[in-house]
Every structure is written in C-alpha cells, then in structure tokens.
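In: From the sequence below, what's the structure:
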Amino acid sequence: MKRKLIALLVSGAALIGFAVPASAQAPTASELLNFVVVTPESSGSSYSRSLFRHWSDQDRDGCNTREEVLLQESLVAITPGRSCRITRGRWYSEFDGRVLTSASSIDIDHFVPLKEAWESGASNWDASMREAFANDLDFAGSLIAVSASSNRSKSDRDPANWMPTNTSYLCTYAVTWLQIKYRWSLSADQQEVTALKTMLALCPTTENYELPALAAGVTAIPAPTSSQEPTQTPAPTETQSPTPSPTASDVLPRITAGAFCAKSAEGTQGRASNGIVYTCKTSATDSRLRWRR
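Out: Prediction:
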C-alpha cells in the first residue's frame, strides 16, 4: 500500500531514559519508554476528525479499511458480500474480553486516537500523512476490532484517563500504545507515561517486544549524546527468587493476531495475548503471510 508521508520533526522535547537506534535488540516492555519523547501535549482546540480521512480503500480492492480489519481479525473465515459487505464473523474484543459475531457490534478502534495523535504531533502533518495514520494496515496494532461499547467508553482518551476492563490485556495495551507512538514519532506527556509505567510493570521482565517499522518518511527519535546515560536496571538481590523456567505454554512466541509475518516464519506458530495459537500462513483469499488460525 503506497503512502505519501512527510517527516515529523519534534523540537524542544526531553527524552525519557536512553533512546537507542532502531536496529538494536528488541527492548523489554519497560525499555520501550526509551523510544518516546516526553513533552506536554499541544492544544486540541484546532482538532477535527474530518482532518483524518479514514476508512478509505487504499489498495483499491473493493474493501475499505474498516472491512479489511474485520476480515483480518475474524477468528473464522469470512466471505464478504457485494461491495465487501460484512455482517457476520467471530471477533474477540481485547478491551473487554467479549466474543462478538455481529459486525454491527464491532467498532474499529484507532488504538492511538486521532485526537491524541493530533495533540502529540499530528497537527504538524499534511493531509496525506494524517490519512496514512488513520488507515494504517501495515502494523496490526494500529487498528483493532473491539466491541462498540468499549471503543466508545475509551473515546479519545489516553492511558492516563482510560484503561481496558480486561486486566489481562493491560501489558499488551501499554506495549502496543508505545509501539504506535514510536512508529509515528508521536510524543507522550508525563501523565500518560506514569500510567503506562503502571501497566508495563505487569509485563514479564524477561520478554522482549519487537519495534515496528517506522512509517514511511517518519524520522526516528535521535540517539542521545554521549553525556546521556541509559536507565540502569538494578541487579537482583540475594532475597529475590530466581526466574522460573518457562513452561510448555510459554515456549511459543508472543504475536499479534492478523499481523504480517516473515517468509522465514511460514508454518510456525505463535500465541496471542488471549492465549489462542496462530500459524504464519496465507489464506484462500489473501496470498500474504499473516498470523492466522
């Protein structure tokens, strides 16, 4: 999907911890905070949802962005009707842990809300970049199928003001939020970071999370000067218990259902945050490799 994007330049912002190059090893959950800039949000008074053209059919296959996400995230195969009309499927709503079968009960959530993006840097973007953000199918976390009630409860609020009621999803929620902020070089304010730290503390300390590719044209956060030091993790004391050996259920890598997977991973399996096992494969209607049931 071709997108015309411009670079987002963030000035006068302070780094949290130590920002390392994107080529570095996948960070742990807490280290993801090193990849965002912390600065007060700009005023949202000039924001309008119409500034972000969304649900467009960017690959011209007859299915708009909403329909593409419904197809990707359904736990059962869907054969869309005329004009890609989708009425039934089976979707797991991560925010509240509900399973839904009617498309009318599903909203496609902009994981980082459009207004939040506007206040975090998108107000500096041109129209084509805002459209690309609003229809970002290249990173599976950017758009997510959830129950309409949970999406409307969230509205345009950030983690400082809203968290999913599905507490088992809080770690993944915080990780995905930071991955999207990194992908689009969006900033975070201090209240947002404080809330994220609380959720990230629920993540396994030994697990690493892959950084998504930067959106085309987006500039990565610069590495700090030599005078800046990374945040150090204290060594365990003698009173701390050793990390237990992984069980059989922990062996499979953590993946995002519906996300693209590499050619080298074709046929391998991974486990989503809801415990469901997925396989890296194509489908009868999509030749691209994704994590599918």
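In: where does residue 93 fall, phi/psi-wise?
Out: phi -90, psi 100 (degrees, to the nearest 10).
In: For the chain, which segments count as helices?
Out: 65-73, 114-119, 127-134, 148-154, 170-183, 190-200 (DSSP state H).
In: now those helices in TSV, with mean neighbour count, mean pLDDT and distance to residue 38?
Out: Every residue, glycine included, has its C-beta placed from N, CA and C. Below are the helices of the chain laid out as TSV (neighbours: other Cβ atoms under 10 Å; pLDDT from 0 to 100; distance: least, Cβ to Cβ, whole Å):
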stretch	mean neighbour count	mean pLDDT	distance to residue 38
helix 65-73	22	96	30
helix 114-119	23	97	14
helix 127-134	20	96	20
helix 148-154	16	98	22
helix 170-183	24	97	11
helix 190-200	18	97	6
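In: would you turn the ones you listed into CSV with distance to residue 271?
Out: Shown next, in CSV, are the helices of the chain (distance: least, Cβ to Cβ, whole Å):
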stretch, distance to residue 271
helix 65-73, 16
helix 114-119, 29
helix 127-134, 29
helix 148-154, 23
helix 170-183, 12
helix 190-200, 20
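In: Can you tell me which of those is nearest to residue 288?
Out: Closest to residue 288 of the helices of the chain, according to Cβ to Cβ: helix 65-73, at 10.0 Å.
In: what's the domain layout of this structure?
Out: 14-40+49-223, 247-293 (automatic domain parsing).
In: deepest of the ones you listed, which one?
Out: Ranked by mean neighbour count, these are led by domain 14-40+49-223 with a mean of 18 (mean count of other Cβ atoms under 10 Å).
In: gap between that one and the chain center?
Out: Domain 14-40+49-223 sits 4 Å away from the centroid of its parent chain (Cα atoms, centre = their mean, to the nearest Å).
In: Do a quick rundown of the strands in the protein.
Out: Along the chain, the stretches classed as strands by DSSP state E are 14-15, 37-38, 88-93, 98-102, 106-110, 143-147, 269-271, 277-281, 290-292.
In: Nearest to residue 128, out of those strands?
Out: strand 106-110 (17.0 Å).
In: The closest one to strand 88-93, inter-axis angle?
Out: Counting by axes from the mean of the first three to the mean of the last three Cα atoms, to 10 degrees, strand 106-110 lies at 50 degrees to strand 88-93.
In: Could you pull up the mean pLDDT of strand 106-110?
Out: Confidence for strand 106-110, expressed as mean pLDDT, is 98.
In: Parallel or antiparallel, list what pairs with that strand.
Out: strand 143-147 (antiparallel) (DSSP bridges).
In: I'd like the distance between residue 282 and residue 291.
Out: 12 Å (Cβ to Cβ, to the nearest Å).
In: Out of the helices of the chain, flag the one nearest residue 211.
Out: Here helix 170-183 is closest among the helices of the chain (Cβ to Cβ), at 5.9 Å.
In: packing partners for that closest one?
Out: Counting contacts by 3 or more Cβ pairs under 8 Å, 6 or more residues apart in numbering; DSSP states H and E, helix 170-183 is packed against helix 190-200.
In: can you list contacts of the helix it packs on?
Out: Helix 190-200 is contacted from outside by 16, 29-30, 32-33, 36, 38, 40, 158-160, 163, 170-171, 173-175, 177-178, 188, using Cβ atoms under 8 Å, 6 or more residues apart in numbering.
In: the inter-axis angle of it versus helix 170-183?
Out: Using the same axes, to 10 degrees, helix 190-200 lies at 130 degrees relative to helix 170-183.
In: Can you say which of the helices of the chain is nearest to residue 257?
Out: helix 65-73 (6.4 Å).
In: Let's see the closest one as PDB, backbone CA atoms only.
Out: Provided in PDB are the C-alpha atoms of helix 65-73 (Å, rounded to 0.1, in the frame of the first residue of the first chain):
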ATOM      1  CA  THR A  65     -10.000  -0.100   5.900                       C
ATOM      2  CA  ARG A  66     -12.800  -1.000   8.300                       C
ATOM      3  CA  GLU A  67     -13.700  -4.000   6.200                       C
ATOM      4  CA  GLU A  68     -10.100  -5.000   5.900                       C
ATOM      5  CA  VAL A  69      -9.700  -5.100   9.700                       C
ATOM      6  CA  LEU A  70     -12.900  -7.100  10.100                       C
ATOM      7  CA  LEU A  71     -11.600  -9.700   7.600                       C
ATOM      8  CA  GLN A  72      -8.100  -9.900   9.200                       C
ATOM      9  CA  GLU A  73      -9.200 -10.200  12.800                       C
END
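In: I appreciate the help and will end here.
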